[in-house]
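Trainee: Quick one: sequence plus predicted model below, questions after.
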Amino acid sequence: MEIIARIRNDFPTKFGLPRQSGLVPELVSTIVFEPEYRVAEALRGIETYSHLWLIWGFHQAVREGDSQAWRPTVRPPRLGGNTRMGVFATRSPFRPNPLGLTVVRLLAVEDSPEGKVLIVSGADMMDGTPVYDIKPYLPYVDSIPEAMGGFTEEKAAYHLAVDFPEELLRQMPENQRETLLGVLAQDPRPAYQHDENRVYGFAYAGMDIRFTVCDGLLTVVDIVKE
């Protein structure tokens, strides 16, 4: 398969990213096509759709031991990182073929020095993620209201209260604050780490966001420019 495009956004690493698409609709990304795919005709009509499917690669997913081996079970983060489920019953990045599937909202098709780009929201992909295909989301066939969400349904409403001191929040540009608040509410900690005395951190928009979590409250304690 050929990489047709890459994602660009403010998340240089996987830490802090929403665990599923659509959880933080404020997160805006740009899809920049590779030079050989910067053909305007390939996007003709795409602006008539509100949402798109992205097929992409978990390029930062590193397996332990033999890089070619795969495991039939994984430990989903939302189950605490200790319960094993079948890999095909999860969306884990550690798969026989490390492919991701994401729905995003199409905000705009814009001209840029790198050809036409797609501005999308709600992605769960880090900066530089390779995109292998883009397809329109068709609500009359892709939306199934009666579908069952398996073991994920009990965790669907999970979120943290966020205490973000005003003097720290002002250090972030206004157009990035809502995205950051949404990401923090989704609990960006590794699933297996719940130390109330630990200061966690992740990179976002050139800043290192540092926080603690205690009794369901996430408190931002510092912002350090990288």
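Mentor: Right, received. Where do you want to start? Numbers count the residues shown, from 1 in each chain.
Trainee: State whether residue 168 and residue 222 are indeed in contact, as I suppose.
Mentor: Yes - between residue 168 and residue 222 there is a contact at 7.2 Å, judged by CB atoms under 8 Å. For glycine as for every other residue, the C-beta is placed from the backbone atoms N, C-alpha and C.
Trainee: At the geometric centre of the protein, which residue sits there?
Mentor: residue 124 (1.5 Å; CA atoms, centre = their mean).
Trainee: same for the helix or strand of the chain with the lowest mean pLDDT, what does it pack against?
Mentor: Within the chain, confidence by mean pLDDT, DSSP states H and E is lowest for strand 73-74 among all helices and strands, at a mean of 86. Applying 3 or more CB pairs under 8 Å, 6 or more residues apart in numbering; DSSP states H and E, one finds that strand 73-74 contacts strand 85-86.
Trainee: Under the pLDDT cut-off, which ranges of the protein? List them.
Mentor: 62-68, 77-78, 80-81, 152-157, 191-192 (pLDDT under 70).
Trainee: List the contacts of the residue nearest to the centre of the chain.
Mentor: 17-21, 23, 100, 102 (CB atoms under 8 Å, 6 or more residues apart in numbering).
Trainee: Helix, strand, or coil at it?
Mentor: For residue 124, the assignment made with DSSP: H, G, I helix; E, B strand; the rest coil gives coil.
Trainee: try residue 182
Mentor: Residue 182 ends up helix, using three-state DSSP.
Trainee: tally of neighbours for it?
Mentor: For residue 182, the neighbour count with other CB atoms under 10 Å is 17.
Trainee: Past the longest strand along the chain, which element shows up next along the chain?
Mentor: Looking across the chain with DSSP state E, the single longest strand is strand 99-112. Of the helices and strands lying after strand 99-112 in sequence (DSSP states H and E), the nearest is strand 115-121.
Trainee: Quick one: residues in contact with that following strand.
Mentor: So strand 115-121 is contacted by 25-33, 38, 40, 43, 46, 52, 54, 104-111, 134 (CB under 8 Å, 6+ apart).
Trainee: Contacts only, for the nearest residue to residue 87 once chain neighbours are set aside.
Mentor: Excluding the flanking residues, the one nearest residue 87 by CB to CB, 6 or more residues apart in numbering is residue 74, at 5.1 Å. Counting by CB under 8 Å, 6+ apart, residue 74 touches 84-85, 87, 90, 92, 94.
Trainee: Just list whatever residues bridge to residue 74.
Mentor: Going by DSSP bridges, residue 74 is paired in beta bridges with residue 85.
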